[in-house]
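Asks: Fold the following for me, if possible:
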Amino acid sequence: MSRHHRIIIELSLHILRAAAARSGKGKVDTIEVRLALRCLIAHCPERWPLDMFWNSAGTDHDIGRAQGCTAALNGIVRQLRPGS
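Replies: Next up is the predicted model:
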């Protein structure tokens, strides 16, 4: 993987981690989150965690939103690990 791709992946994960961290306090369905998820599509063999993060980010229920974003982020990170 090129240095350029690694940087994009790390920046995207940084955005998603920050969003997941604040998701218990309000919606996090921002343009930055959408762009980060879009950047990761080519690197995630399974799309469900990306869709789950976006769908969870915009829900009205604080606890459900936080749990959904956290679970989705874990699924995304698992797919991006070398050898996965």
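
Asks: alpha carbons only for contacts and neighbour counts from here, please
Replies: Will do.

Asks: so where's this protein shaky on pLDDT?
Replies: 83-84 (pLDDT under 70).

Asks: Let me see the ranges of the helices in it.
Replies: Under the criterion DSSP state H, the chain contains helices at 3-22, 31-40, 48-57, 62-80.

Asks: So which of those is the most surrounded?
Replies: Across the helices of the chain, averaging neighbours per residue (mean count of other Cα atoms under 10 Å) puts helix 48-57 on top, at a mean of 21.

Asks: That one vs helix 31-40, what angle?
Replies: 170 degrees (axes from the mean of the first three to the mean of the last three Cα atoms, to 10 degrees).

Asks: Mind giving me the packing neighbours of helix 48-57?
Replies: Packing partners of helix 48-57 (3 or more Cα pairs under 8 Å, 6 or more residues apart in numbering; DSSP states H and E): helix 31-40, helix 62-80.

Asks: Mind checking those for the one nearest to residue 23?
Replies: Proximity to residue 23, assessed across the helices and strands packed on helix 48-57 by Cα to Cα, is greatest for helix 62-80 (5.0 Å).

Asks: Can you check what angle separates that closest one from helix 48-57?
Replies: Going by the same axes, to 10 degrees, helix 62-80 makes 160 degrees with helix 48-57.

Asks: helices and strands around helix 62-80, which ones?
Replies: Using 3+ Cα pairs under 8 Å, 6+ apart, helix 62-80 sits against helix 3-22, helix 48-57.

Asks: Report the distance from that helix to the chain centre.
Replies: Centroid separation for helix 62-80 versus its chain: 7 Å, with Cα atoms, centre = their mean, to the nearest Å.

Asks: now what about that helix, what contacts it?
Replies: Applying Cα atoms under 8 Å, 6 or more residues apart in numbering, the contact partners of helix 62-80 are 16-17, 20-27, 43-46, 49-50, 52-54, 56-59, 84.

Asks: can you do 10 Å?
Replies: The contact list for helix 62-80 (Cα atoms under 10 Å, 6 or more residues apart in numbering) reads 9, 13, 16-17, 19-28, 37, 40-41, 43-59, 84.

Asks: now stretch 1-19
Replies: With Cα under 10 Å, 6+ apart, stretch 1-19 has contacts from 20-21, 23, 26-30, 32-40, 43, 53, 57, 66, 69-70, 72-74, 76-77, 80.
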